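Colleague: I need the structure of the sequence given here:
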Amino acid sequence: MKITLKKLKAVITDRAMRLAGLDLKVEYVTAAPSAQNSLDLFKGEWTSKLPPPFENLVAGEVRLFEDARACFINRYGLRSGTSG
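Modeller: All right, here's what the predicted structure looks like:
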C-alpha cells in the first residue's frame, strides 16, 4: 500500500485534532478562514448581493439589501409599538 507523505501528515493531524476534541478532517479544509470562504459554503445557494462593506465578496446577484423598505428601516429605524 502506497501512502504519500502528504496523506500520512493529514492522518496524523486528523488524529491529533480528534484527541484535542476537534472532529475536523484536514483534507476538507485547505484555505485560511475568511469571509469569502464562509460564503463559499453556500456557493450556488446564496442569492443576494451583499451590502457594504461586503459588496466585493463573490455572492449572489439579487440586490435584496437595496430594497427601499430595508433602506428606510436602516436609516430611520422602527418606532416602538409599530408593526412591520
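Colleague: all helices in this structure, in order from the N-terminus.
Modeller: 5-19, 35-40, 68-76 (DSSP state H).
Colleague: just so I know, which of those lies nearest Pro51?
Modeller: Pro51 lies closest to helix 68-76 among those, at 8.9 Å (Cβ to Cβ). From N, CA and C alone the C-beta is placed, and that goes for glycine too.
Colleague: With only the CA atoms kept, save that closest one in CSV.
Modeller: The C-alpha trace of helix 68-76 is given here as CSV (Å, rounded to 0.1, in the frame of the first residue of the first chain):
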residue,chain,number,x,y,z
ALA,A,68,-36.3,50.6,-0.3
ARG,A,69,-38.1,49.3,2.8
ALA,A,70,-34.9,47.9,4.3
CYS,A,71,-33.1,51.1,3.5
PHE,A,72,-35.8,53.1,5.2
ILE,A,73,-35.6,51.0,8.3
ASN,A,74,-31.8,51.2,8.4
ARG,A,75,-32.0,54.9,8.1
TYR,A,76,-34.9,55.8,10.4
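Colleague: Name the residues that touch stretch 63-78?
Modeller: Residues outside stretch 63-78 that contact it (Cβ atoms under 8 Å, 6 or more residues apart in numbering): Thr47, Ser48, Lys49, Leu50, Pro51, Gly84.
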